[in-house]
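J.: sequence first, then the predicted structure:
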Amino acid sequence: MRLLPLAALFLAAQPALADVPEAIHKEILPGYAAFSTAAQALSAAAQTDCSPTALQAPWNATFDAWLGVAHLRLGPIEDKGRALAIAFWPDPKAIGARQTAAMLKAADPALITPAGMAQVSVAARGLFGLERLLYGDEATDDSAYACDLRRALAADLATMAQDTEAEWQGGYADLLLSAGAEGNTRFLTGAEARQALFTQLIAGLELNADQRLGRPLGSFDKPRPERAEARISGRSLRDVALSLQALEGLARALAQGLGEIPLTEAAFARANDLAAKLDDPVFAGVAAPGSRLKVEILQQAVRAVHDAALSEIGGLLGVDAGFNSADGD
C-alpha cells in the first residue's frame, strides 16, 4: 500500500513522535543537503583546476559537511556500500594507500569513467582517496592521469552524496515519519523509528571515543599517533569537534518535546570546550605523557556524553538500560 504523503503525515502525527520529525527536518535532511552541495562544488572545482592546491579548500568543506551526517548509518547511506566508499576509515592495513598507488601506476583509462570508478574498491574512493592525492606523496604527481583521477574521485563522491540526499528526500524520511502506519513494513512502530535514530547518536559517540580518539591513543606504552583519522591533511581533532557538534544537534532534536536533558547538555558543553582548547590537530601529543593526558581527558569527556545521553535521552525515549547500540538498525 502507498504511504501517506509527507504533508498528511504532519497532520496525522502523534505528539509523542515530535522528536522524530525534529531530527529529520532540522538535522538529517539539512545535513545531507549540505554534504551534497559541498561535494558537487568540489567536483565542479576539479573540472576547472585539478591541482592539489586548488582542491584542498573544497575538499575540506566537503569533509566538514560529511561530519554533519557521518554518524548516520541507516537507510540510503548503507545502500551500495556508500558509507564505506565515502569514508573508508579506519584502514589498519593501508589498503587504500596501496590501491591508490596501483591505480596511478596502471593509469587505466577505464577506471576514471563513472562506471569504472563505481567498481573501484571502497578503500581507494571517497574522501580518503582524494586526501592521498591532495596531501600525501601522491599529491606531487602532476601527470594527466593523476589529474583525471582526482576529477573522477570528486565526481564519484558528488554522485554518492547527491543520490543519498535524493533517496532520503524521496522516501526514506517518509518511512521514519510514518512509523507504525499501515503499509510501512520497515518501521512497524514509532518506538522503532526512535530507537533507530537513538542508535545513531550513541554509536556516533562511541566512534569518537573508541576510534577517532582511541586509535591514536593506543596504549600508554605504545601510543599510535599515526592512526589518527585524516592525519595527513591535519584535521584529526577537527573531525572530533565537528562530529560532536552534529551529535549534539541530534541529541537535542531527539529530546525535543519530551523533556529536559541537563546532564547531556552539560557533558556536551564540556567535551566541546575541551576539544576547542586542545592544541593538537593530529593528536601527535599522545606520545608524550603530559600532552597525552589532555587527549585522554577529552576521550573521558566524550564517554561522559555517551553515558548521560544513554540515561537521559534513552529514558525520555523509553529505551531501557539494556539497549545495545552495537545492534544498530
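T.: Good, I have the coordinates. Computed from a prediction, not measured in an experiment: that's the story for all the values here.
J.: rest of the way, CA atoms for contacts and neighbours
T.: OK.
J.: against E182, how distant is the most centrally placed residue in the chain?
T.: The chain has A70 as the residue nearest its centroid, 1.1 Å off, counting by Cα atoms, centre = their mean. As judged by Cα to Cα, to the nearest Å, A70 and E182 stand 31 Å apart.
J.: over to T189?
T.: 10 Å.
J.: more neighbours: those two, which one.
T.: Under the neighbour definition other Cα atoms under 10 Å, T189 and E182 were set side by side, and T189 has more, 15 against 12.
J.: once you drop chain neighbours, what's closest to that one?
T.: G180 (4.0 Å; Cα to Cα, 6 or more residues apart in numbering).
J.: doesn't L188 make contact with the one you found?
T.: Yes: G180 is within contact range of L188, at 4.5 Å (criterion: Cα atoms under 8 Å).
J.: skipping its backbone neighbours, what lies nearest P225 in space?
T.: Closest to P225 by Cα to Cα, 6+ apart is P216, at 4.3 Å.
J.: residues contacting the one you found?
T.: 223-228, 283, 286 (Cα atoms under 8 Å, 6 or more residues apart in numbering).
J.: quick one: pLDDT of the residue nearest to T189?
T.: You'll see G180 listed with a pLDDT of 94.
J.: so what's the residue count around it?
T.: So G180, with other Cα under 10 Å, has 18 neighbours.
J.: likewise Q47?
T.: 15.
J.: numbering from 601 from now on, please.
T.: In the new count, where the first residue is 601, that last one comes out as Q647.
J.: how is it assigned, secondary-structure-wise?
T.: Following DSSP: H, G, I helix; E, B strand; the rest coil, we place Q647 in the helix state.
J.: pull the helix or strand hosting A657 out as CSV, backbone CA atoms only.
T.: Applying DSSP states H and E as the criterion places A657 in helix 652-667. Provided in CSV are the C-alpha atoms of helix 652-667 (Å, rounded to 0.1, in the frame of the first residue of the first chain):
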residue,chain,number,x,y,z
PRO,A,652,46.0,19.8,-5.1
THR,A,653,46.3,23.5,-4.1
ALA,A,654,43.1,24.3,-5.8
LEU,A,655,41.1,21.4,-4.4
GLN,A,656,42.2,21.4,-0.8
ALA,A,657,39.7,24.0,0.3
PRO,A,658,36.6,22.5,-1.3
TRP,A,659,37.8,19.0,-0.2
ASN,A,660,37.9,20.3,3.4
ALA,A,661,34.5,21.9,3.1
THR,A,662,33.1,18.6,1.8
PHE,A,663,34.7,16.7,4.7
ASP,A,664,33.3,19.2,7.2
ALA,A,665,29.8,18.7,5.7
TRP,A,666,30.2,14.9,5.8
LEU,A,667,30.9,15.1,9.5
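J.: downstream of the lowest-mean-pLDDT helix or strand in the chain, the next helix or strand is which one?
T.: Ranking every helix and strand in the chain by mean pLDDT, DSSP states H and E puts helix 606-612 at the bottom, with a mean of 37. Per DSSP H and E, the first helix or strand lying C-terminal to helix 606-612 is helix 619-623.
J.: domain assignment for this protein?
T.: 606-777, 790-927 (automatic domain parsing).
J.: cheers, nothing more for now.
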